[in-house]
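**Q** build me a model:
(one chain, ligands or ions: 1)
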Amino acid sequence: MAATVPLLQFVPAKTFQTKLRSNRLLRPTKQRGNFGLSMITCSSSNGRGPDSVDNEVKTVEQLIEEKRRAELSARISSGEFTVNKSGYPSKLRNGLSKLGVPREILDVLFNWVDTHQDHPKIPEAKGLMSAVQNEAFFIPLYELYLTYGGIFRLTFGPKSFLIVSEPAIAKHILRDNSKAYSKGILAEILEFVMGKGLIPADGEIWRLRRRAIVPALHLKYVAAMINLFGQATERLCQKLDAAASDGEDVEMESLFSRLTLDIIGKALFNYDFDSLTNDTGIVEAVYTVLREAEDRSVAPIPVWEIPIWKDISPQQKKVAKALKLINVTLDDLIAICKRMVDEEELQFHEEYVNEQDPSILHFLLASGDDVSSKQLRDDLMTMLIAGHETSAAVLTWTFYLLSQEPRVMSKLQEEVDSILGDRIPTIEDMKKLKYATRVINESLRLYPQPPVLIRRSLEDDRLGDYSIKRGEDIFICVWNLHRSPKLWDDADKFNPERWPLDGPNPNETNQNFSYLPFGGGPRKCVGDMFATYENVVALAMLVRRFNFQMAIGAPEVKMTTGATIHTTEGLKMTVTRRIKPPIVPTLEMPAFEVDTSVGVSKGDSLVGPKDSNQQTRQRKVEVCVWNVLSVLVLAMCVCFVVFIVRVAEDTSRLSNPPDRLKMEHAAGSGSGSGSGGYYYDIVVKLYFPKTYKSFARGRTDWPSSLPLYTCDLKVPLKNGSQSATSAFNTTKCMPVCQCD
Ligand code: HEM
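**A** Down below sits the predicted model:
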């Protein structure tokens, strides 16, 4: 069943755009000619250089932003959005008062009404189209949250939504009383593509499928995926390399979308979409379906529900065709995989991974999942969408944020250079790339994907001080939680340092539900670890090779929302190859800290629990290896310098040839092979006396009493010294000589 009231119906499609201007980081990328070109790797300011102009632009933007906020606050306080809480009883009281009913009687009467409202009323705001126009829908929700607090009701005509931005209430809905909530509107909208897949499914179906799917994403599987992430990113690097050579700007959002599609295709069902080079057939079908899902989630009228429309609308026909192609392809992949499973000898066990095909589909089939079931296809389709869009959005916004913060970028590049060098990352590197992980953590805080979590109450419940009825549609506004000035210092600032490097990986549990990048409770994302590693690998490999900056004349970066936060016109960047400083191994002793973080759950295991003795031993070995390597590198450097000096000496010798060559041997008596049987097409090799010393090649027919030096080069002589060698073929040969 499709949605009767489509998701976010109150906002017309295509109006969720907003300029990112609520603060310095959210400010739009201006078209500022050369001034916009602040390189990510370095920044310097000098008097009225680009930085000072940049600061002025920022100040103007801040002023505009403050003015806009002030205007909106004034409108909120004037009651423009506020539903009169007194409602009908209040009007009645006013009316009776005007009719002359004494105040004492009214008090008694209406106090009785009030006391029979045994709970306070949820603050209520009414939706106004003009308030949300040209905005991503969560921006006005944020403004309303600042006014109405952690829970309020937003009413649009006959429809109302509860907007939750309070950690304790989010925890209650997502974790403590999760059974009392379903996916509501979300399930209705996504039904056409995900069916009863894991995201929209509720109740028993969800319980069974979650139990089947979660084990497939075990640690060994994720470790096997790291290499896949690296290979796919390498393909993207090659593409960027070509763009860097041609001096072409690149649209990073679509490239990230392709990268993550390629990754999830292989990871889920061992299928190579190769979308970085190929844009037809199945890739186009997947994009058609994804776009439709996004469009439906913001459409004002559920046109796809109208029976005749479904058959005549070109768009709906295109979607149906795309879905058919995807389903046929999935059926083929399932059949191929099933054959592999039937033929293999491998016994199924907890951490089962088939090395040729480590995909989730392979795991599920080997575990005995029903091949013919629509459920299997629904789950694969669900994970395809869940794992693709989200990661692409995270990478897009991470690179946007980095382009605004050169300091963070250089720190990140430093870490990646020292840990990875030129290698493809491994699972061990994931624990070491701590700053890169913090960059992703922080990017997910500022741009949560998705920005709201949707639920519907299945029974009456109590949220904080308020009672709610069954059937309430609820938006848990992760955007508000993640940017709340009450919960975060400098909430809008992109500051990966807010997460200590030696602390645990931030998640909903250790942040007490003020940070929900992957949701929380039983419906928490199953792909959290997969996604974090995927993003860290891609980030590390890209910043290691390239510098990224906003392209000159790039369109402003504005937000628009579907399931995740997109840009309205892409993220156009100029990519240049990095000239890396030489990697100097550090001899610094790493601090021997005892890792007090114990037992982190599967999703938190980026900094896994460690045995501290083992860790100490490992660090000692590492330091030792670094020391040996340093000595070797130093020795090699010295040898190299000596070599260069010697070559320089020899080169100068060659460019200043001697006037005269002193013959050392009477080899000149030979004149051709017929004279004394000596071959003279042999050339003396003393041109580089320092570097080659006496390189000699013996000839079998050369008398051993006469030393012979050979080489392939010729000495350029001045002043007819060649006469001294006239007995030889001087174009090719030279007798033994000394150059001084
Ligand atoms: C950075 C990338 C990702 C982000 C930010 C993300 C975020 C989320 C969030 C917030 C939820 C909870 C939704 C809710 O409570 O309504 C979720 C659920 C889910 N995610 Fe992810 N996800 C990501 C990547 C992935 C990947 C790679 C996969 C699959 C391999 C995946 C599969 C799922 C599934 C199946 C669910 C539904 C779980 C359930 O309802 O039991 N996600 N994700």
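**Q** can you show me the strands along the stretch 201-350 of the chain?
**A** 250-251 (DSSP state E, counting those that start in this stretch).
**Q** in it, what residue is nearest the ligand?
**A** Of all residues in the stretch 201-350 of the chain, Arg210 sits closest to the ligand, at 4.9 Å by Cβ to the nearest ligand atom. Backbone N, C-alpha and C define where each C-beta goes, glycine included.
**Q** count the neighbours of Ser373 for me.
**A** For Ser373, the neighbour count with other Cβ atoms under 10 Å is 11.
**Q** same question for Leu412.
**A** 24.
**Q** ok, now Pro102?
**A** 10.
**Q** where's it relative to the ligand, distance?
**A** Counting by Cβ to the nearest ligand atom, to the nearest Å, the gap from Pro102 to the ligand is 54 Å.
**Q** quick check: residues of the stretch 51-200 of the chain near the ligand?
**A** Leu198, Ile199 (Cβ under 6 Å from any ligand atom).
**Q** one more: the stretch 501-650 of the chain?
**A** Of all the residues in the stretch 501-650 of the chain, those lying near the ligand are Pro517, Phe518, Gly519, Arg523, Cys525, Val526, Gly527, Phe530, Ala531, going by Cβ under 6 Å from any ligand atom.
**Q** buried subset of those residues, written for ChimeraX?
**A** Those of these that count as buried under 16 or more other Cβ atoms under 10 Å are selected in ChimeraX with:
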select :517,518,519,523,525,526,527,530,531
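**Q** so can I have a markdown table of the residues of the stretch 501-650 of the chain next to the ligand showing secondary structure?
**A** Shown next, in a markdown table, are those (DSSP: H, G, I helix; E, B strand; the rest coil):
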| residue | secondary structure |
| --- | --- |
| Pro517 | strand |
| Phe518 | coil |
| Gly519 | strand |
| Arg523 | helix |
| Cys525 | coil |
| Val526 | coil |
| Gly527 | coil |
| Phe530 | helix |
| Ala531 | helix |
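**Q** what's the helix or strand for Phe161?
**A** strand 159-164 (DSSP states H and E).
**Q** average model confidence for the helix or strand that that strand is followed by?
**A** As assigned by DSSP H and E, the chain's next helix or strand after strand 159-164 is helix 167-171. Mean pLDDT, computed over helix 167-171, is 98.
**Q** show me what helix 167-171 is in contact with.
**A** 150-151, 164, 463-464, 476, 481, 487, 512-514, 516, 520-521 (Cβ atoms under 8 Å, 6 or more residues apart in numbering).
**Q** can you flag the buried ones in the residues you listed?
**A** When the contacts of helix 167-171 are checked against 16+ other Cβ under 10 Å, the ones flagged as buried are Gly150, Ile151, Val164, Leu463, Ile476, Leu481, Leu487, Phe513, Ser514, Leu516, Gly520, Gly521.
**Q** name the nearest of these relative to Gln316.
**A** Ile476 (31.3 Å; Cβ to Cβ).
**Q** ok so the closest one is a strand residue?
**A** Yes. Counting by three-state DSSP, Ile476 is part of a strand.
**Q** any idea whether the closest residue to it other than its chain neighbours is helix, strand or coil?
**A** The shortest distance from Ile476 to any non-neighbouring residue, by Cβ to Cβ, 6 or more residues apart in numbering, is to Leu453 (4.2 Å). The three-state label given to Leu453 by three-state DSSP is strand.
**Q** same question, Glu534
**A** Following three-state DSSP, we place Glu534 in the helix state.
**Q** what about it, how many neighbours?
**A** Applying other Cβ under 10 Å, I find that Glu534 has 28 neighbouring residues.
**Q** quick one, what contacts it?
**A** By Cβ under 8 Å, 6+ apart, the neighbours of Glu534 are Met225, Phe229, Thr260, Ile263, Ser391.
**Q** model confidence for it, exactly?
**A** 98.
**Q** can you list the contacts of helix 167-171 in JSON lines and add secondary structure and pLDDT?
**A** Formatted as JSON lines, the contacts of helix 167-171 follow (DSSP: H, G, I helix; E, B strand; the rest coil; pLDDT from 0 to 100):
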{"residue": "Gly150", "secondary structure": "coil", "pLDDT": "94"}
{"residue": "Ile151", "secondary structure": "strand", "pLDDT": "96"}
{"residue": "Val164", "secondary structure": "strand", "pLDDT": "97"}
{"residue": "Leu463", "secondary structure": "strand", "pLDDT": "95"}
{"residue": "Gly464", "secondary structure": "coil", "pLDDT": "92"}
{"residue": "Ile476", "secondary structure": "strand", "pLDDT": "97"}
{"residue": "Leu481", "secondary structure": "helix", "pLDDT": "98"}
{"residue": "Leu487", "secondary structure": "coil", "pLDDT": "97"}
{"residue": "Asn512", "secondary structure": "coil", "pLDDT": "97"}
{"residue": "Phe513", "secondary structure": "coil", "pLDDT": "98"}
{"residue": "Ser514", "secondary structure": "coil", "pLDDT": "98"}
{"residue": "Leu516", "secondary structure": "coil", "pLDDT": "98"}
{"residue": "Gly520", "secondary structure": "coil", "pLDDT": "97"}
{"residue": "Gly521", "secondary structure": "helix", "pLDDT": "97"}
